[in-house]
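[1] no sequence for this one, just the structure:
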């Protein structure tokens, strides 16, 4: 008889315990991977509540501001600077000096908030916050969408015109993002309609409070097209920024009002969501099998419980490299190879697939939806030239 302190573990028991250990580790790993996939999928479709202020404000004078060096703060151009948890806003310009631990830029103006007391900030591409910043007459209006009244800004052309451009902002921002495009279109004789859409914080939300990545938001763009038609539009150009690009492509290919569309402008657009999600997951260090699992969750009915989506998203319908033949309008496509957030490869692929309708203007260095900020002259000239050609083509077609 052996004592309790002298017991030996039989060889067969060792194998069994080892198997349990491996099984437990495998289960734990699978659960962890599943949790990461769910988190990634939910983050993609959930409107953010807060913004990360990733810049440290090191010094402020009347005309300069010194920030910690990051990819944002080291990129040339003119930008918004939000501080104190978005309770303050300033505009910053050219880089004046760079040191190993700092970058000094011009401080163009402070719109509101006390920047001298701020310690952290974040940069954004908006630059203009309200239509009055542009100095043009404008109206705040409401557009009747399937979910209710959605606010919009209407900025008329200098002279009476039946040409309209409808501006559609990107994911996790609001229509202020698109104010940068008003001047170039206004100078070309276009009325500008800057719309909001479901779950963007301005327009009515859906029951699930989730982005559909363009697959349902297009209906609110269609409502904007109807508003333009009701107010005399005979020609409509759609311009979409980032996810707004995916949204206007859906509107163009799914709306019964698409006959009035004369062209599409895409700024840093999402042409194929799978490529974007793969890219963002890779940058974040998410393993490929977890990235694929997150993407599957978005498209599967059983994934709704985990993602919070009211309906699954058909990502194949959002792939306009694959659907290139469904496009029948002149398209101006502006994208930076330095985007960092939405890769330019799908934009290039679409341009290669449809050289007959796509005018592709590449940028470098500029970050996501910051092409105007980085090189306003190139950006503006590209749109001016394309509009001139598009208008000439439309006139010839009618003749």
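    Yes, it's here. Bear in mind that the values here come from a model prediction, so they are computed numbers and not experimental data.

[2] switch to C-alpha atoms for all contacts and neighbour counts from now on
    Noted.

[3] which residues in this structure form strands?
    Taking DSSP state E as the test, the strands found in the chain are 55-60, 64-67, 79-83, 88-99, 102-112, 120-124, 139-145, 148-155, 163-168, 191-195, 235-241, 261-267, 331-336, 358-363.

[4] mean pLDDT added to the ones you listed, as JSON lines?
    Below are the strands of the chain laid out as JSON lines (pLDDT from 0 to 100):
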{"stretch": "strand 55-60", "mean pLDDT": "98"}
{"stretch": "strand 64-67", "mean pLDDT": "98"}
{"stretch": "strand 79-83", "mean pLDDT": "98"}
{"stretch": "strand 88-99", "mean pLDDT": "98"}
{"stretch": "strand 102-112", "mean pLDDT": "98"}
{"stretch": "strand 120-124", "mean pLDDT": "97"}
{"stretch": "strand 139-145", "mean pLDDT": "98"}
{"stretch": "strand 148-155", "mean pLDDT": "98"}
{"stretch": "strand 163-168", "mean pLDDT": "98"}
{"stretch": "strand 191-195", "mean pLDDT": "99"}
{"stretch": "strand 235-241", "mean pLDDT": "98"}
{"stretch": "strand 261-267", "mean pLDDT": "98"}
{"stretch": "strand 331-336", "mean pLDDT": "98"}
{"stretch": "strand 358-363", "mean pLDDT": "98"}
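
[5] can I get the ones you listed in CSV including mean neighbour count?
    Formatted as CSV, the strands of the chain follow (neighbours: other CA atoms under 10 Å):
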stretch, mean neighbour count
strand 55-60, 18
strand 64-67, 22
strand 79-83, 24
strand 88-99, 18
strand 102-112, 18
strand 120-124, 20
strand 139-145, 16
strand 148-155, 20
strand 163-168, 28
strand 191-195, 27
strand 235-241, 25
strand 261-267, 24
strand 331-336, 25
strand 358-363, 19
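
[6] and the ones you listed as TSV, adding distance to residue 217?
    Below are these laid out as TSV (distance: least, CA to CA, whole Å):
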stretch	distance to residue 217
strand 55-60	32
strand 64-67	37
strand 79-83	26
strand 88-99	29
strand 102-112	31
strand 120-124	23
strand 139-145	10
strand 148-155	12
strand 163-168	10
strand 191-195	11
strand 235-241	12
strand 261-267	16
strand 331-336	20
strand 358-363	24
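
[7] run through who's touching stretch 61-75.
    With CA atoms under 8 Å, 6 or more residues apart in numbering as the test, stretch 61-75 has contacts from 55-60, 95, 100-108, 123, 365-367, 374.

[8] and the spatially closest residue to residue 380 that is not a sequence neighbour, what does it touch?
    Among residues not flanking residue 380 along the chain, residue 184 sits closest, at 6.4 Å (CA to CA, 6 or more residues apart in numbering). By CA under 8 Å, 6+ apart, the residues touching residue 184 are 380, 383-384.

[9] next: residue 180.
    126-128, 372.

[10] hmm, which two among those residues are most spread apart?
    Using CA to CA, the contacts of residue 180 reach their maximum pairwise distance at 128 and 372, which is 11.9 Å.

[11] higher neighbour count, these two?
    residue 372 (21 against 17; other CA atoms under 10 Å).

[12] my read: that one touches residue 383, true?
    No - judged on CA atoms under 8 Å, residue 372 makes no contact with residue 383 at a distance of 10.9 Å.

[13] for the chain, where's the lowest mean pLDDT among helices and strands?
    Lowest on mean pLDDT, DSSP states H and E among the helices and strands of the chain sits helix 11-45, with a mean of 67.

[14] in stretch 181-188, what counts as buried?
    Within stretch 181-188, the residues that count as buried by 16 or more other CA atoms under 10 Å are 181-186, 188.

[15] need those residues in JSON lines with pLDDT and distance to residue 343, can you?
    Converted to JSON lines, the buried residues of stretch 181-188 look like this (pLDDT from 0 to 100; distance: CA to CA, whole Å):
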{"residue": "181", "pLDDT": "98", "distance to residue 343": "22"}
{"residue": "182", "pLDDT": "98", "distance to residue 343": "26"}
{"residue": "183", "pLDDT": "98", "distance to residue 343": "27"}
{"residue": "184", "pLDDT": "98", "distance to residue 343": "26"}
{"residue": "185", "pLDDT": "98", "distance to residue 343": "26"}
{"residue": "186", "pLDDT": "98", "distance to residue 343": "30"}
{"residue": "188", "pLDDT": "98", "distance to residue 343": "30"}
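
[16] what about these, which are in helices?
    182-186 (DSSP state H).

[17] neighbour-wise, which of the contacts of residue 184 leads?
    residue 383 (20 neighbours).

[18] and that residue, what does it touch?
    Residues in contact with residue 383 (CA under 8 Å, 6+ apart) are 184, 332.

[19] what is the neighbour count of the residue nearest to residue 126 when sequence neighbours are not counted?
    Leaving out its chain neighbours, the residue that sits closest to residue 126 by CA to CA, 6+ apart is residue 177, at 4.7 Å. Using other CA under 10 Å, residue 177 has 22 neighbouring residues.

[20] ditto for residue 377
    For residue 377, the count of nearby residues is 11 (other CA under 10 Å).

[21] and the pLDDT for it?
    Listed pLDDT for residue 377 reads 98.

[22] likewise residue 398?
    Taking residue 398 on its own, its pLDDT is 58.

[23] start the count at 804 instead of 1 going forward.
    New numbering, starting at 804: the last item is residue 1201.

[24] who does residue 886 form a beta bridge with?
    residue 891, residue 924 (DSSP bridges).

[25] quick one: distance of stretch 1183-1192 to the chain centre.
    Computed by CA atoms, centre = their mean, to the nearest Å, the separation of stretch 1183-1192 from the middle of its chain amounts to 23 Å.

[26] so which bits of that stretch are buried?
    Here stretch 1183-1192 shows 1183, 1185-1187, 1189-1190 as buried, counting by 16+ other CA under 10 Å.
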